[in-house]
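A.B. asks: Take a look and give me a structure for this.
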Amino acid sequence: MRFSIEEINNSSSLLPGVTLGYNIFDHCSDTQNIPCIFNLLSGKDPMNPWAKASHIFPKITALIGAFTSPVTRTVAPMFMTHLIPMISYGAASSIFSLKHVYPSFLRTVHPNKDVVEIIVQMLLYFKWHWVAFLNIDNDYGNDGYTVFIKMIRDTDICLAYTKKLDKNTDYNTVFEQIENQRIQVIIVFAPEWTVEELIPSAMQMKVTNKTWIAVDSWALNKKLPKMPGIQSIGTVLGIAEPEISIPGFDDFISTLQIKISLGNFVTNDILKAENSFNFPVYAAVYAIAHALHNTLQCGDKKCNKSITLYPHMLLSQLKKLNFTLLDHTILFDTNGDPRFGYFNIITWNSSGEAETVGIYTFQSAPHFSINESKIQWHTKGKEAILCVELPAVPADEILHRKINNSSSLLPGVTLGYNIIDHCSDTPNIPDMFSLLSGKDPINPWATPRHSFSKITALVGPFTSPVTRTVAPLFTTQLIPMISYSATSSIFSLKQVYPSFLRTVHPNKDMVEIIVQMLLYFKWNWVAFLNIDNDYGNDGYTVFIKMIRDTDIYYNTVFEQIENLNIKVIIVFAPEWTVEELIPSAMQMKVTNKTWIAVDAWALNKKLPKMPGIQSIGTVLGIAEPVISMPGFDDFISTLQIKNQPGEFCNQFCNCSDLRLDDILKAESSFNFPVYAAVYAIAHALHNTLQCGGEKCNKNITLYPHMVLSELRRSKFTLLDHTILFDKNGDPRFGHFNIITWNSSGEAETVGIYTFQSAPHFPSMNPKYNGTPRDKFPHRYAQKNVHLDIGKVWREFTNAVLNVWDAKKANTSTCQQTHMHVCLVGSRSGRLNTVPHASCARGVCPIQ
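C.D. replies: You can find the predicted model right below:
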């Protein structure tokens, strides 16, 4: 900084007639240096906290520093309140880009997000998807971790292990856990002094065959690359600010007379020190000088000295800067971050030097390039394990036989399976642990490396509640889990269920069709009944969200349906619930309704054939299509069940004897989702094992997360259906049939809703093959429903008077009355009387 200021003061063009002054202090302690900060901010007299703000004029016009993010975060607020420009050459935390918090902060060093962006680009370039992230536990490191998590969200990069480092960190445990998870790539987001403890610990523990990614804070470390045996830890790739040569700087240092006693410190130490931050300091000083040049209207060898200079004036000019310095164009973006310079991609070579092997530039559009041939790999290979999520492999025997008999899909590889009937959480949890364990039972006190799953993927379970129970056991190990029936929306949350996929459409797709049907038929006055479990409550929640901006109104109390003249009833529940509900409706002589059935009961075999079922009205349903699978019926017919009936049926299920004919007659819409799930796993294995030419690569060690990665990328054709998943693991294939129960007691298809490319509903299709709207029985015009407001008001006042009478009869009782009045066709037609706050005090006012 001294060199830069002397150079500027000796210039006859930049600030002619103006001399820059400066004050340097070493920020080594917050407590000790706070008085220095106040001294800079005060005027001639010490700062008086009770004085008026207008009486406080800071001594300085701008500040260069501080060096680290934690220190900067401590002192910055004191400068921000006065809009004193603060240009840091080392504070990289993303928080300083927030201009509403740090309005006068700028920097000549790139923020963490730029460094993390390069790290992510490197991981994707080398296809490293299974990584560890170690960061120092302070503002700098935690910010780097947060930015990294955000940037890998839509990639195949999996953060397999993370650890915050501090002075109490047990490095032996850290590396033991990394080894247990077979992680080959380690990102270290920490300063030099932390890494100078970390790397020797790795060498002491004989950690080998790793790729280490070093951030700019330690990539150019002078000590570590020269340690004997450093190559044993693997390959170090780093991201480093370039060391830009500043003409005259070495001569300035060599001739500098240090008048202050600094112990054993000599000028030669400065020349040998890591100097990548020299240019950021140089650029910061010149940025202030150019801003002063513009503020003071300098030119023709003079500046306008009559201008009273305030810090905010300088800040305004700093934001507009665009000048050239040592062939670099210096400018800042709207956040005060630099839009100039570049990073070198370096590696530690066998000579203990940092050798440049690539570059990442920020001029105009970011650009990344790397010369892989220059890298001296000290690892057994450049590949790291891919992160994948997928279900484990039990499924129908026919699928395994077909796949195992195929000469092209998995040649030379045989799929094995284990089928478990999940009829109860309690008895089946041991079965789950059995699948997850290796040869020996799982020991909760054992280190992770002693637990290896028996399975690569899981197909199932069938329902959302059961899935929610067992899924955490599999997703923690990234074992792919493909469900053919669990539709709850919660499983689309990848941060909770990272290895969950499904071949059945989620509830949101089902509800979307229901809402489209309601809008298509102009049914705006409906009831919604749902089973009280994960499945039903999720359907209800999604329904409420989707009708929020429509004219659809709903009621959920079955007893009030007749009184409220509701004609459309949506039932979001499984078969066994509806098989009690519908007979109850018939017994109560509920007539002239339209019932909307979700796929859980739309294809029920029993209810449509009940005598008098037509009396309840019209049933419209949404159903997965029944897709015929060639050879399946023949397979079932010839199947020889070798198990004894007692073994075939789980003893806790109280099952009756199962006959083959029962399978053929059963509702079969879920057959294809199971079929697709197993084939998805097979195709993922095909890609993972590099199958082709009638053979697979059996040298590849197969891990569940590798299969998961390929599952996410799946795209293949199965029985004329293109199978692929979206980023949430939900299916982007198939369609739903819109069905009605006809007079013969059969489910008849009257429409279709497809998901190929964009969702498509028949109301938009001129060739709609469904029953015309005006041909549906029990059709009515809900837009003509009217309410007798006078009658409503009379009932309302009567209810209030009843409450009042109750109060007079028993003054210790406070009864709260709620009444809802819904006006069909008015978006604001829902009135809700709210009990007076005094009810809580035992008083019952008339409302």
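
A.B. asks: What is the burial count for the closest residue to K113 other than its chain neighbours?
C.D. replies: Distance criterion CB to CB, 6 or more residues apart in numbering; nearest residue to K113, sequence neighbours excluded, is V147 at 5.0 Å. Where you see a C-beta, it was placed from the backbone N, CA and C, and this is true even at glycine. V147 has 22 neighbours, counted by other CB atoms under 10 Å.

A.B. asks: Kindly report the same for L501.
C.D. replies: 27.

A.B. asks: swap in the one 4 residues further on?
C.D. replies: By the criterion of other CB under 10 Å, H505 has 24 neighbours.

A.B. asks: which residues touch the residue nearest to it when sequence neighbours are not counted?
C.D. replies: Nearest residue to H505 in three dimensions, chain neighbours excluded: P731, at 6.1 Å (CB to CB, 6+ apart). Each residue near P731 by CB atoms under 8 Å, 6 or more residues apart in numbering is listed here: 502-505, 676, 723-725, 755.

A.B. asks: where along the stretch 501-650 of the chain do the strands fall?
C.D. replies: Assigned by DSSP state E, counting those that start in this stretch, the strands in the stretch 501-650 of the chain fall at 525-530, 553-555, 568-572, 593-597, 617-623.

A.B. asks: strand partners of the longest one, parallel vs antiparallel please.
C.D. replies: Read that as strand 617-623. strand 593-597 (parallel), strand 735-741 (antiparallel) (DSSP bridges).

A.B. asks: Compile the strands of the stretch 501-650 of the chain into TSV and extend it with columns for distance to D166 and mean pLDDT.
C.D. replies: Shown next, in TSV, are the strands of the stretch 501-650 of the chain (distance: least, CB to CB, whole Å; pLDDT from 0 to 100):
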stretch	distance to D166	mean pLDDT
strand 525-530	49	86
strand 553-555	54	59
strand 568-572	50	91
strand 593-597	58	92
strand 617-623	55	92
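
A.B. asks: May I see these arranged in TSV, with distance to I178 and mean neighbour count as well?
C.D. replies: Shown next, in TSV, are the strands of the stretch 501-650 of the chain (distance: least, CB to CB, whole Å; neighbours: other CB atoms under 10 Å):
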stretch	distance to I178	mean neighbour count
strand 525-530	46	21
strand 553-555	53	19
strand 568-572	46	25
strand 593-597	52	24
strand 617-623	48	22
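
A.B. asks: returning to that earlier point: just the closest of the contacts of P731 to V281, please.
C.D. replies: Distance to V281 across these (CB to CB) is lowest for F725, with 50.7 Å.

A.B. asks: I'd like the strands of the stretch 501-650 of the chain as JSON lines, with distance to D139 appended.
C.D. replies: Formatted as JSON lines, those follow (distance: least, CB to CB, whole Å):
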{"stretch": "strand 525-530", "distance to D139": "47"}
{"stretch": "strand 553-555", "distance to D139": "49"}
{"stretch": "strand 568-572", "distance to D139": "48"}
{"stretch": "strand 593-597", "distance to D139": "54"}
{"stretch": "strand 617-623", "distance to D139": "52"}
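
A.B. asks: And the contacts of P731, which of them are buried?
C.D. replies: Buried subset of those (neighbour count, 16 or more other CB atoms under 10 Å): 502-505, 676, 723, 725, 755.

A.B. asks: before we move on, could you check phi and psi at T162?
C.D. replies: phi -140, psi 150 (degrees, to the nearest 10).

A.B. asks: typed the wrong thing, it's T356
C.D. replies: Dihedral angles (degrees, to the nearest 10) for T356: phi -80, psi 130.

A.B. asks: ok, it touching F343?
C.D. replies: No. Assessed by CB atoms under 8 Å, T356 is found out of contact with F343, at 10.2 Å.

A.B. asks: Could you check which of those two is surrounded by more residues?
C.D. replies: F343 (23 against 14).

A.B. asks: Touching, the more buried one and G238? I think so.
C.D. replies: No. Counting by CB under 8 Å, F343 stays clear of G238, with 9.5 Å between them.

A.B. asks: Check which helices and strands the helix or strand hosting A677 sits against.
C.D. replies: Using DSSP states H and E, A677 falls within helix 671-688. Packing partners of helix 671-688 (3 or more CB pairs under 8 Å, 6 or more residues apart in numbering; DSSP states H and E): helix 397-404, strand 458-459, strand 481-483, helix 704-712, strand 715-718, strand 721-724.

A.B. asks: Can you add mean pLDDT and give those back as CSV?
C.D. replies: Listed next are those as CSV, based on pLDDT from 0 to 100:
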stretch, mean pLDDT
helix 397-404, 61
strand 458-459, 86
strand 481-483, 87
helix 704-712, 90
strand 715-718, 90
strand 721-724, 88
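
A.B. asks: Would you format those as CSV with distance to P225 included?
C.D. replies: Below are the helices and strands packed on helix 671-688 laid out as CSV (distance: least, CB to CB, whole Å):
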stretch, distance to P225
helix 397-404, 51
strand 458-459, 46
strand 481-483, 44
helix 704-712, 32
strand 715-718, 45
strand 721-724, 46
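
A.B. asks: Go through these and name the closest to Y22.
C.D. replies: Per CB to CB, nearest to Y22 of the helices and strands packed on helix 671-688: helix 704-712, 55.0 Å.

A.B. asks: Might you calculate how far the closest one sits from the centre of the chain?
C.D. replies: 18 Å (CA atoms, centre = their mean, to the nearest Å).

A.B. asks: How about G617, nearest residue that isn't a chain neighbour?
C.D. replies: Closest to G617 by CB to CB, 6+ apart is K593, at 3.8 Å.

A.B. asks: likewise I403?
C.D. replies: A682 is the one closest to I403 (CB to CB, 6+ apart), at 4.8 Å.

A.B. asks: So the one you found is in contact with Y417, correct?
C.D. replies: No. Using CB under 8 Å, A682 is not in contact with Y417, being 11.7 Å away.

A.B. asks: Now the common contact residues for F343 and G238.
C.D. replies: In contact with both F343 and G238: D216, using CB under 8 Å, 6+ apart.

A.B. asks: The helix holding A677 vs helix 704-712, what angle?
C.D. replies: Per axes from the mean of the first three to the mean of the last three CA atoms, to 10 degrees, the angle that helix 671-688 makes with helix 704-712 is 110 degrees.

A.B. asks: quick one: average pLDDT of helix 671-688?
C.D. replies: When pLDDT is averaged over helix 671-688, the result is 89.

A.B. asks: Strands along the stretch 201-350 of the chain, start to end?
C.D. replies: Under DSSP E, counting those that start in this stretch, the stretch 201-350 of the chain gives strands at 210-214, 234-240, 323-325, 328-330, 342-348.

A.B. asks: Check what pLDDT the residue lying closest to P338 once chain neighbours are set aside gets.
C.D. replies: In space, and not counting its chain neighbours, P338 is closest to T108: 5.6 Å by CB to CB, 6+ apart. Residue-level confidence at T108 comes out at 91, pLDDT.

A.B. asks: and if you look at T173?
C.D. replies: 90.

A.B. asks: what's the answer for F96, then?
C.D. replies: 92.

A.B. asks: Y310: which of the helices and strands packed on helix 671-688 is closest?
C.D. replies: The nearest among the helices and strands packed on helix 671-688, by CB to CB, is helix 704-712 at 56.2 Å.

A.B. asks: From the contact counts, what lies against the closest one?
C.D. replies: Partner elements for helix 704-712 (3+ CB pairs under 8 Å, 6+ apart): helix 671-688.

A.B. asks: Would you indicate which residues of the helix it packs on are buried?
C.D. replies: In helix 671-688, counting by 16+ other CB under 10 Å, buried: 671-688.

A.B. asks: that older thread, pick out the lowest-pLDDT one from the buried ones among the contacts of P731.
C.D. replies: Scoring the buried ones among the contacts of P731 by pLDDT puts F755 last, at 72.

A.B. asks: wouldn't it be in contact with H505 here?
C.D. replies: Yes. Here F755 reaches H505: they are 7.3 Å apart, a contact under CB under 8 Å.
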